[in-house]
Each structure stands twice: as structure tokens, then as C-alpha cells.
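Participant: just the structure for this:
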Amino acid sequence: MDQQQQLLREVFGYPDFRPGQRHLIDSLLAGRDVLGIMPTGAGKSICYQLPALMRPGITVVVSPLISLMKDQVFALVQSGVRAAYLNSSLTERQYHKALENARAGLYKIIYVAPERLMTPGFRALSAGQTISMVCVDEAHCVSQWGQDFRPGYLTIPDYIDTLPARPVVGAFTATATHEVKEDILRLLRLNDPQVLVTGFDRPNLYFGVLSPSDKYAAARNYLETHPDKSGILYCLTRKTVDEVTERLCADGFSAVRYHAGLDAEERRQNQDAFVYDRARIMVATNAFGMGIDKSNVSFVLHYNMPKNIESYYQEAGRAGRDGSPADCILLYSGRDVITNRFLLEQTEPNPDLSPEVQQQLRRRDEERLRQMTFYATSHSCLREFLLRYFGEHPAGYCGNCSVCLSGFELVDAADAAACVLRAIGSTGRQYGVTTWMDLLRGAKNEKLLHSPLVSGAAYGALSEWERDQLRALFSLLLEKRLLARSEGDRPVLSLTDAGRDFLAAPAPLMLHRPSAPARAKKPAPSEGPIDVSLLAQLKALRLSLAKRAGVPAFVIFTDTTLEKICAAQPKTKEEFLQLPGVGKVKCERYADAFLDLLEKSRQNHS
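Facilitator: Take a look at the predicted model:
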């Protein structure tokens, strides 16, 4: 066992490296800059925490949020690693004490907010210490084309330039389009970096889209059918957060809220209640979540559609961080598009950008909203849609999304598409999707029968198509830009130049057409039956130990590790140490308590 493998096992409790980790670690240890683009839950933090233990001096980790720093430092300290964070949550006395400890060489890893890098105190500390590595977490924040642009990230190269010797630099993110990746490389001035993209797929996540007439009833039904699960419910506006939280609490759910309109103390209390498992449900705007390292988030429900795919995938990715199966479900309605467009129009322009760049950003935001809408109305594999957006080329069936589990067939819809395009292009009047669908299916509703449209050849031309099949065709035509939809409260369709070109020279147009009733979601893989009563006792013990240590429960052991303990029922410390998620320090601290509980359980069942 080499030194890396030994540290992975003894400090972090993992038996093997995950894909990409060893490659990035080797590069950093060899003194080469890296850019790692890895999905949430793929183990990005190990890629810089482990080499930080092997390199001389201090590793500085630039991190965007207080919660992220606290969770990671708590976890490191529990694993026996000397680490600290420097951010605005510390009092002045605590901050100066941390700097004093750092000058004394007490820390191997220091997490710092980007805005602190160029402060006199931190620059003085850095000048007097050996900073051998600087790692940038959530590196997409450096790009104005990303979804979480943070101006403070632009100071990172300036900070590096102030150091007596240039350290090796690592940048890590879970979501980065081609534009954002290029910005990270350029703006952070990475030197001949090793770039590794391990892929964006999260196989343990189920993706679903529902269009319920009553969103609250749909959300409540999900929560009622998953009573022991913890998760996040995202809303688009503060008002919706307040309304949904009030209704959930009135209905007996353990829920707290989070948005920028609350005072800092309530936000802190509510976040702690969720992270420390005192509240099961967090209802929040997108102000909550980046950097939250809570491992047992079993679901993320979006009460409203976010403004872009990047935000959606990042927010949804907060589920299933420990690799366990988790649900990511979007409750969509057409009003979400209108609300998002209104919010885009209300966005304050950045005074540091030229009018031309402002216009570019506006067009980009509008295009990203269109892509998000295409996802929400897609009738093809949702996972395929997401991965293609990020530049991958997956198979067209994942077996773990609401579309794939509904069943579909791949058909050439060129003839039907031409029929739709001719109908829309041949009239001087414009109508919405519903009217055109009624016309093509030959509906008998009174409004349509009194319309001159019924006298044309399009009436009933696609009567053999089911309504959801025809809706899938319209979604495809919009996605391919063969049709355009106007903005406003009553959007109407029109034929585009690309649509006219298609009519002039038809080509194959492959459509994933719904074909079968929904199948059950595939069951989660299981290693055997779990003693539910024993697992509950293990969780209660973990909570007691966490309260004593003043850390969230998942920092002691994740749910996945507890399930492994429950299934294996180790009898000795040696057996306990072999379980994934159990490192040497944690074994010494906690094994006796868990082994005693397991022994009592065996005696009670004998």
C-alpha cells in the first residue's frame, strides 16, 4: 500500500480512489496545476485535501461560502487533520487567534473566503509561511458566464502573485460549460494545467418532471410518502418560500425556510436546524445550498423551474452526495417561464461591463432560460438532455428518469412535423400550442368548431396522435428552432426561417414519442436486508455523539456508513476500521460506542 492509499484509508476511511481522483492528486504532487471538473459527490475535496497532507507547508483553499468551509473543516478535524477557516463568521478575537495559530504552524489546511485574500492580515500571514498549494473550490464562480459569478474570485491570481514563491494551483467545480471552463483556465492563470473532466452523470439520482395542477398538493404527497427522508424544496421567490413553509408547518411537517429577505440570525438558525437534522425539510430560494456538505439529502424538489440548466443541475446535485439513491423532481408550470423572464428583466446591470457585453449576457440568459424550458417540457430522456447540455454524448435511455420510466419509442416524425409546420405557416393568424394541438387532433370543442381553422386541411390531420405524443412533437419543433414561441402571458407560435427550409427540403426528424404507461422507478441496489430498528439505534447514537462534539451528525458518519455498520455488524475495532467511511482517528474515537451498541443488540436477539 503506497502513501496515498494509506492516507486515503487511515485518514478519510475510503478503501479505493474514485475515478479521476488519483490522476489529479498525482499531478498536484508533481507540482502541476490542475482543473478538475467532477460531479457533486465524486470526491473533489479529496483531490486537494490528500495532497495537502503530503506537501510541505500550508494549503490555502479558496471557498465561496461560510457553510462549506465550516462543514469541511469540521469533517477534517474529526478525521484528525489540522484545519481552520477564516471568514466573517469569526469574531475579531477569533480571527486573530486563528491567524496566530496559523503563524505557529498549527494548520495544514486553511479555508478562506476570496474577499479575505488581499487583506493586510492574511497577506502578512502568507508572506511569512510556506504556501505550497492554493486550491479554488467552486471555481466556476470566477466566470461572469457562470451562474454564481463572485467578483472576489478575480483577486485570486493577484494574491498568488504576492507570494514569495508561486504555489501549485488547483481549480475544482461540478458544473462548467465550455465557456466557463475556458474562463477558469484564463482568469485563474493556470500554468500548463492537467485538465480532467470525469463526466457530469450522477447515476444515483432520479430525475423527474411533473406538471401538477396543484403544486402544493404534489409536494405534500411526495413528503408524506417519504416520511423519513431529509431534503430541500426550492422556490423561485421569497414570497413562495414563506407561503409554502407556513403551509407545511401547519400540515405537521418539520420545515424551516431560507432566503435573503430574512435576517442573518434566522438564516443561521434555520440552516443549522437543517444541517444538524433538527428540521427535515429546508424550503429555500437559490440563496441556500452552495457548499452545503450535508450527505443525507435524499431529495431535492423544485417547486418552480430555475432560470437555467446550470443552476438546476447544481441545486439538484445537492441530493445523494453520499452515493445513495435520491430524487430530483421539478414541478413545472408555464407561469414559471413568465416569472423567470420577469426576474431577468429586473436584474440590475453590472456597471463595470460595457453595453455590448451587457447585451451579450442578456441574450445568453434568455437562451439559457429557453434551454431550461425545453428540459421541463422534454419528452426524451431527461438525463440525456442534461448531459448533452454539458457537452457529453450519452445513450438515449437511462432507465432512471420520469420520461424513460414512462416508456417511449424512437420514430421519424418528419411527415408529422411537416404537417404541423404547413398548418402554422399557412394561416395569417397566430395561436398557442393548445389551439394547434386541438386543431390537428380534430377536437370537437365549441370554440374551435366556430373557428375558420376547421375548414382547412390541417383539421384532424394528426388525429391518430395521442395528446402527450403531439405535445412532445411541438416541444421538439421548438427545441430545433423550426417554430418560435412569442413572449408574454399568451404566447403564440410562428414559423421560423429554419422551419421554412425544412418544408422546402424535409429531412429525418427523430422523436422520442411517449408510447407506454409509466413503469415503477427501478429499485435501489441493495446488499441485503437492513435491520431498521438497529439502524435507528445507530442513528440515535451518532446524533448523541455529534451533539457532544458540536458537529452535524453526518460529520461523524454518513448514512451510507451507518448502513454498512448495520449490515456488517463488526465485532472488533479491526473489523470496524475496514468499513468505508471509517478512518483511523474516527475508529479510535467512536468504535467502542458503536461496538457496545452492536453487542447489546446481538444479546437482545439471542
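Participant: domain-wise, how is this structure divided?
Facilitator: For the chain, the structural domains run 3-197, 205-354+385-397, 408-514, 532-605, going by automatic domain parsing.
Participant: need those in JSON lines (columns: mean neighbour count).
Facilitator: The way it works is simple: take the backbone N, C-alpha and C, and place the C-beta from them, glycine included. Output for these, formatted as JSON lines (neighbours: other CB atoms under 10 Å):
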{"stretch": "domain 3-197", "mean neighbour count": "19"}
{"stretch": "domain 205-354+385-397", "mean neighbour count": "18"}
{"stretch": "domain 408-514", "mean neighbour count": "16"}
{"stretch": "domain 532-605", "mean neighbour count": "17"}
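Participant: ok, and the closest non-adjacent residue to L387?
Facilitator: Excluding its sequence neighbours, the residue lying closest to L387 (CB to CB, 6 or more residues apart in numbering) is P394, at 4.6 Å.
Participant: and for E10?
Facilitator: Leaving aside its chain neighbours, E10 sits nearest to K584 (4.1 Å; criterion: CB to CB, 6+ apart).
Participant: re the thing from before, and the domains of the chain as TSV, adding distance to L361 and mean pLDDT?
Facilitator: What follows is these, written out as TSV (distance: least, CB to CB, whole Å; pLDDT from 0 to 100):
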stretch	distance to L361	mean pLDDT
domain 3-197	7	91
domain 205-354+385-397	7	90
domain 408-514	18	84
domain 532-605	37	91
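Participant: closest to A376 out of the ones you listed?
Facilitator: Among the domains of the chain, domain 205-354+385-397 comes nearest to A376, with 4.2 Å by CB to CB.
Participant: now the end-to-end length of the closest one.
Facilitator: End-to-end distance of domain 205-354+385-397 (CA to CA, to the nearest Å): 14 Å.
Participant: what's the answer for stretch 12-28, then?
Facilitator: This stretch, stretch 12-28, spans 19 Å end to end (CA to CA).
Participant: from the rest of the structure, what touches the helix or strand where L344 lies?
Facilitator: L344 is part of helix 334-345, with elements assigned from DSSP states H and E. Residues outside helix 334-345 that contact it (CB atoms under 8 Å, 6 or more residues apart in numbering): 236-237, 304-307, 362, 365-366, 369, 372-373, 376, 487-489.
Participant: stretch 575-584 too?
Facilitator: Contacts of stretch 575-584 (CB under 8 Å, 6+ apart): 9-15, 79-80, 557-558, 560-561, 564-565, 568, 570, 587, 591, 594-595.
Participant: ok, now with 6 Å
Facilitator: Outside stretch 575-584, the residues that touch it by CB atoms under 6 Å, 6 or more residues apart in numbering are 10-13, 15, 79, 557-558, 561, 564, 570, 587, 591.
Participant: any idea where the strands of the stretch 501-606 of the chain begin and end?
Facilitator: Assigned by DSSP state E, counting those that start in this stretch, the strands in the stretch 501-606 of the chain fall at 510-514.
Participant: how about the helices in it?
Facilitator: For the stretch 501-606 of the chain, applying DSSP state H, counting those that start in this stretch gives helices covering 532-549, 553-556, 559-568, 573-577, 584-605.
Participant: can I assume V195 sits in a strand?
Facilitator: Yes. With DSSP: H, G, I helix; E, B strand; the rest coil as the criterion, V195 is assigned to a strand.
Participant: report the separation between it and S79.
Facilitator: Going from V195 to S79 by CB to CB, to the nearest Å gives 29 Å.
Participant: and if you look at L233?
Facilitator: Taking CB to CB, one finds L233 at 32 Å from S79.
Participant: what does K444 give?
Facilitator: 68 Å.
Participant: same thing with G128?
Facilitator: The value you get for G128 to S79, if CB to CB is used, is 27 Å.
Participant: on that earlier part again, now, which of the contacts of stretch 575-584 sits nearest S533?
Facilitator: Looking across the contacts of stretch 575-584 and measuring by CB to CB, the closest to S533 is K564, at 17.1 Å.
Participant: how about the closest one, what does it touch?
Facilitator: Contacts of K564 were listed using CB under 6 Å, 6+ apart, and they are L579, P580.
Participant: 8 Å - rerun?
Facilitator: Neighbours of K564 in contact, by CB under 8 Å, 6+ apart: L579, P580, G581.
Participant: export these to JSON lines and append columns for distance to L421.
Facilitator: As requested, the contacts of K564 are exported to JSON lines (distance: CB to CB, whole Å):
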{"residue": "L579", "distance to L421": "60"}
{"residue": "P580", "distance to L421": "55"}
{"residue": "G581", "distance to L421": "56"}
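Participant: which one of the helices of the stretch 501-606 of the chain lies nearest to R186?
Facilitator: Of all the helices of the stretch 501-606 of the chain, helix 553-556 sits nearest to R186, with 36.2 Å by CB to CB.
Participant: report all helices and strands that that closest one contacts.
Facilitator: helix 66-78, helix 532-549 (3 or more CB pairs under 8 Å, 6 or more residues apart in numbering; DSSP states H and E).
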